[in-house]
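# show me how the following folds:
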Amino acid sequence: MATQIDTILFLIPEILVVVLALWVIVGGAFAPAKPFWAALSTVALIVALVLLSGQKLVAGDNGPLIVDSLGSSFRWIALLCGIALTLTSTGSGNTHSYPERLGAILFLLVGVMIVASAGNLVMLFLGLELISIPTYMLLYAGRADKASAEASTKYFFLSILSSAFMLYGFSMLYGMTGSGTFSEMQRSLATDPSPTIAGLSLLPLSFMMILAGLAFKLAAFPFHFYAPDVYQGTSSLAAGVLAVTPKLAAVVAASRLIAVIMPSQQGPFLWQVLVVASVASMTLGNVAALWQKSTRRLLAYSSIAHSGYLLIGLAAAVAAPQGSGQAGISAAVLYIMVYAAASLGVFAVLAAVLGDNDEMDDVRLLAGLGNRAPGQAFAMAVFMFSMSGIPPLAGFWGKFSLFKSALDVAFEGTNQIWFVTLVIIAALNAAIAAGYYLRVIAMMYFQDSSSEAKTTVQMGPAVAAYLCMLATLVCAFPAPLMQQADQAAAGLVAADDTGSTAKLVQVAANRR
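Residues are numbered from 1 along each chain as shown. Coordinates of the predicted model:
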């Protein structure tokens, strides 16, 4: 009984956001005014942040949940992203469907928070579906046209397929270990790293199917193909949600399931798959983005490329010697933080300058934005520079951490050729990406617009863009963010010989 009460108390921020989402959807049927619901949601999310900051973090199992710094970090990121998305939502879409779209955003934020702290397969799948189902509604309600309906239909069917892959992987993992709890699975696989069913080892197949489901969430090769069409067919707000929230969930889920639970005997098989997927995602995404005239298709391919960068950290974590995968996980956590700020900022700028004209996403519409909306153009330039990895902005430190984690593995183990090659290819891809990011900046500042009229800037998305820009600029001084990422990774990989979660407080104290 005490454990149940502790679990409920731990989930107070999530409960608050769920109640808020229900209130917005039901109340919005009677009063669909944007400003009221946006203001209410922003205040409630800030309150949830205050409640989250007041929770005492002592690592361990809390019923079906895990209490550690990794989960806490991603719960914070989800709520901060929620504030940015709430502000962005006021400048996109029609008024009548606004409460439903805002409620969908709030529900999927709860899904990310549940995934961040999930301690067993059931809670993990529940959180992932709580992200997917509201996303279907958000994509459909983004724009009332055939393109939006087509985008939501594509994502719906492919998401169901990816969920089926993941469930099959979960079921095989459960059958081999006899448990759905992460700590029990870790203990079982540490004792018997090659469990069999009817004499057949299904462990590699189970992790491949789980990885396939997570690759869909990341929009990583070869499960990336839906992204360009879906991004183009929906609104800037929905595309921003799709670019960030599933990736947050996939990174934390992959860190718990693959980088930690996977036994060392299966490591070579898995990290090689991750390296190949990383190279393919980076190269395909960056090269294809060079030819795009649609802004959202360009950002979709950019998102695919960034998924490839994230996979570098996961591959490094798996390939590292047993128990020393902290650097790779830390790098992936740091990168998703800085990517989330820049990516949400880009879509906030698009929502601010395009407003309800979400079907107008030709990159040439940004021509002359430096004169028509100088504040938003400057914010967009900061985001483009950061995502291309130009120092000293946050994106540079994110890529630097990923490259360093791969090089550490290369020079400490026997996989030197793999990871040195991976870093070289990643660096070349970063140079390719600079081509299309700088093209957007040149379009804004060095190409004249066909219209001399000042652009009407939507207030809510503009504020969200400035907040994301501030976060990107602050993270140019990365020491606090790196420390938080290190602490999150340390709490994740610090498990004792019995497979139980270590006390994070003691781990952090030892690091200091």
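
# so Gly345 sits against Met469, correct?
Yes. If you go by CB atoms under 8 Å, Gly345 and Met469 touch, sitting 5.8 Å apart. Where C-beta positions appear, they are placed from N, C-alpha and C, glycine not excepted.

# looking at those two, which has the bigger crowd around it?
Gly345 (30 against 24; other CB atoms under 10 Å).

# which secondary structure element contains the closest residue to that one other than its chain neighbours?
Spatial nearest neighbour of Gly345, excluding adjacent residues (CB to CB, 6 or more residues apart in numbering): Cys468 at 3.1 Å. Cys468 belongs to helix 459-474 when elements are defined using DSSP states H and E.

# my guess is the residue nearest to Gly345 meets Ala379, correct?
Yes. Cys468 is in contact with Ala379 according to CB under 8 Å; the separation is 7.5 Å.

# which residues does the residue nearest to Pro478 when sequence neighbours are not counted contact?
Leaving aside its sequence neighbours, Pro478 sits nearest to Trp397 (CB to CB, 6+ apart; 4.1 Å). Residues in contact with Trp397 (CB atoms under 8 Å, 6 or more residues apart in numbering) are 334, 338, 475-476, 478, 481-482.

# name the element Trp397 belongs to?
helix 394-412.

# chain center to the next helix or strand after that helix, what's the gap?
Remark: after helix 394-412, the chain's next helix or strand is helix 416-446, criterion DSSP H and E. For helix 416-446, the gap between its own C-alpha mean and the chain's C-alpha mean amounts to 20 Å (CA atoms, centre = their mean, to the nearest Å).

# what of stretch 369-382?
26 Å.

# mind listing what's buried along it?
For stretch 369-382, a neighbour-count test (16 or more other CB atoms under 10 Å) marks 369-370, 372-373, 376-382 as buried.

# lowest-scoring secondary structure element of the protein by mean pLDDT?
helix 504-511 (a mean of 33; mean pLDDT, DSSP states H and E).

# thinking again about what came up before, shared neighbours of Cys468 and Ala379, anything?
Gly345.

# can you redo the contacts of Trp397 as CSV with pLDDT?
Putting the contacts of Trp397 into CSV (pLDDT from 0 to 100) gives the following:
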residue, pLDDT
Leu334, 93
Val338, 93
Cys475, 86
Ala476, 85
Pro478, 83
Leu481, 86
Met482, 88
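
# which of the residues you listed ranks first by neighbour count?
Leu334 leads the contacts of Trp397 on contacts (other CB under 10 Å) with 28 neighbours.

# contacting residues for the closest residue in space to that one that isn't next to it in sequence?
Using CB to CB, 6+ apart and skipping the chain neighbours, the partner closest in space to Leu334 is Ala485 (4.0 Å). Residues counted as contacts of Ala485 (CB under 8 Å, 6+ apart) are 73, 330-331, 333-334, 337, 401.

# try 10 Å
69-70, 73, 313, 326, 329-338, 398, 401, 478 (CB atoms under 10 Å, 6 or more residues apart in numbering).

# please apply the same query to Met384.
So Met384 contacts 302, 342, 345-346, 390, 393, 395, 433-434, 436-441, 444 (CB under 10 Å, 6+ apart).

# and for Gly460?
Contacts of Gly460 (CB under 10 Å, 6+ apart): 34-35, 38-39, 42, 86-92, 348, 351-352.

# can you do 8 Å?
38, 87-91.

# report the next helix or strand after the host helix or strand of Phe74 in sequence order.
Secondary structure from DSSP H and E places Phe74 in helix 69-89. Using DSSP H and E, the next helix or strand after helix 69-89 towards the C-terminus is helix 98-117.

# by contact count, what packs against that following helix?
When contacts are defined as 3 or more CB pairs under 8 Å, 6 or more residues apart in numbering; DSSP states H and E, helix 98-117 packs onto helix 12-28, helix 34-53, strand 65-67, helix 69-89, helix 121-142, helix 236-254.

# ok, 7 Å please
Contacts defined by 3 or more CB pairs under 7 Å, 6 or more residues apart in numbering; DSSP states H and E place helix 98-117 against helix 12-28, helix 34-53, helix 69-89, helix 121-142, helix 236-254.

# return the subset of the buried residues of stretch 369-382 lying in helices.
369-370, 372, 376-382 (DSSP state H).

# wait, Leu369 touches Tyr445, no?
No. At 8.0 Å, Leu369 does not count as touching Tyr445 under the criterion of CB atoms under 7 Å.

# quickly list what's touching both of the two.
Ala377 (CB atoms under 7 Å, 6 or more residues apart in numbering).

# so what's the residue count around Gly178?
Count around Gly178 with other CB under 10 Å applied: 10.

# the chain should start at 771 in everything you say after this.
All right, first residue 771 from here; so that's Gly948.

# which residues touch it?
With CB under 7 Å, 6+ apart, Gly948 has these contacts: Ser958.

# backbone dihedrals for it, please?
phi 80, psi 10 (degrees, to the nearest 10).

# show residues contacting stretch 1069-1077.
By CB under 7 Å, 6+ apart, stretch 1069-1077 touches 988-990, 994, 997-998, 1001, 1009, 1013, 1017, 1051-1052, 1054-1056, 1058-1059, 1062, 1109, 1116, 1157, 1199, 1203.

# hmm, 6 Å instead?
988-990, 994, 997-998, 1001, 1013, 1051-1052, 1055-1056, 1058-1059, 1109 (CB atoms under 6 Å, 6 or more residues apart in numbering).

# great, nothing more from me.
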